[in-house]
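Participant: Model the structure of this input:
(one chain, ligands or ions: 1)
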Amino acid sequence: MSATMNPTLDMLARRRSVPPMLLNAPGPTREELDAILTLASRVPDHGKLAPWRFVVIEGEARARLGAIIADAYRADHPEAGEDRLALERQRLSHAPVVVAVVSRAAPHAKIPEWEQVLSAGAAAMNLVVAANASGFATSWLTEWFGYDRRVLEAMGLAPEERLAGFVHVGRPSEVPSDRPRPSLDEIVTRL
Ligand SMILES: Cc1cc2nc3c(=O)[nH]c(=O)nc-3n(C[C@H](O)[C@H](O)[C@H](O)COP(=O)(O)O)c2cc1C
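Facilitator: Here you go, the predicted model:
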């Protein structure tokens, strides 16, 4: 896409995910992250339910949760070797900050649950956009442990809460080349 004089459009046209291994410190400061999370929470939200919340995983907490991820993996794969367990242990330790976006969608008399789930996706994407506009790069991932109740419980999620994604945030050491994008012909119909 051609460059414009509009920094928002330029960022949207160029942004791409950067794998956690390429996301370095320094991560956002407390003030920077608060600003990013404030923008992440400014999303369409039918019924003003705030059907999402954020769990910030940084510093020592990344390794603490990594140990729980590796324990869960070992319990399910007793044959797993040390290399694989080390990989699992490091899952959240590459980027300096990982924000878990949690969906709190629940049955409601007026607001369809589907719309609450969509709002959590919007919050995750606003977080991605705000972090990238602030000079960071991101990766929005779930992986197997994003669906593992042992891991989610260790993060403080209630049984009815679900993970929309782990957004890894850091300074990119390199930005991968772009991937193919769908052409408008494939995804747009006009009535
Ligand atoms: C909800 C959600 C979960 C995702 N989980 C994973 C994942 O576990 N592993 C993965 O490789 N990509 C995952 N992705 C895809 C990446 O976030 C990203 O879209 C892709 O790697 C590159 O696209 P981009 O450069 O346009 O961001 C997920 C995307 C979404 C929306």
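Participant: how about the strands in this structure?
Facilitator: 23-24, 52-58, 97-103, 137-141, 162-172 (DSSP state E).
Participant: Mean neighbour count for the ones you listed - can I get that in a markdown table?
Facilitator: In short, each C-beta sits where N, CA and C put it, glycine included. As requested, those are exported to a markdown table (neighbours: other Cβ atoms under 10 Å):
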| stretch | mean neighbour count |
| --- | --- |
| strand 23-24 | 20 |
| strand 52-58 | 19 |
| strand 97-103 | 25 |
| strand 137-141 | 22 |
| strand 162-172 | 23 |
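Participant: closest to Thr38 out of these?
Facilitator: strand 52-58 (10.6 Å; Cβ to Cβ).
Participant: how much distance is there from that closest one to the middle of the chain?
Facilitator: Its chain's average C-alpha position is 9 Å from that of strand 52-58, according to Cα atoms, centre = their mean, to the nearest Å.
Participant: And stretch 44-57, by the same measure?
Facilitator: Using Cα atoms, centre = their mean, the offset of stretch 44-57 from its chain centre is 14 Å.
Participant: ok, now stretch 41-57?
Facilitator: That offset, for stretch 41-57, works out to 14 Å (Cα atoms, centre = their mean).
Participant: per-residue confidence averaged over it?
Facilitator: Mean pLDDT, stretch 41-57: 98.
Participant: how close does the residue at minimal distance from the centre of the chain sit to the ligand?
Facilitator: Taking Cα atoms, centre = their mean, the centroid of the chain lies closest to Val167, which sits 2.3 Å from it. Val167 is 9 Å from the ligand, where distance means Cβ to the nearest ligand atom, to the nearest Å.
Participant: dump the residue contacts of Phe166.
Facilitator: Ile57, Leu92, Val98, Val99, Ala100, Val101, Trp140, Leu141, Thr142, Glu143, Gly146 (Cβ atoms under 8 Å, 6 or more residues apart in numbering).
Participant: same for the ligand: which of the residues you listed are within range?
Facilitator: Contacts with the ligand within the contacts of Phe166, as defined by Cβ under 6 Å from any ligand atom: Trp140, Leu141, Thr142, Glu143.
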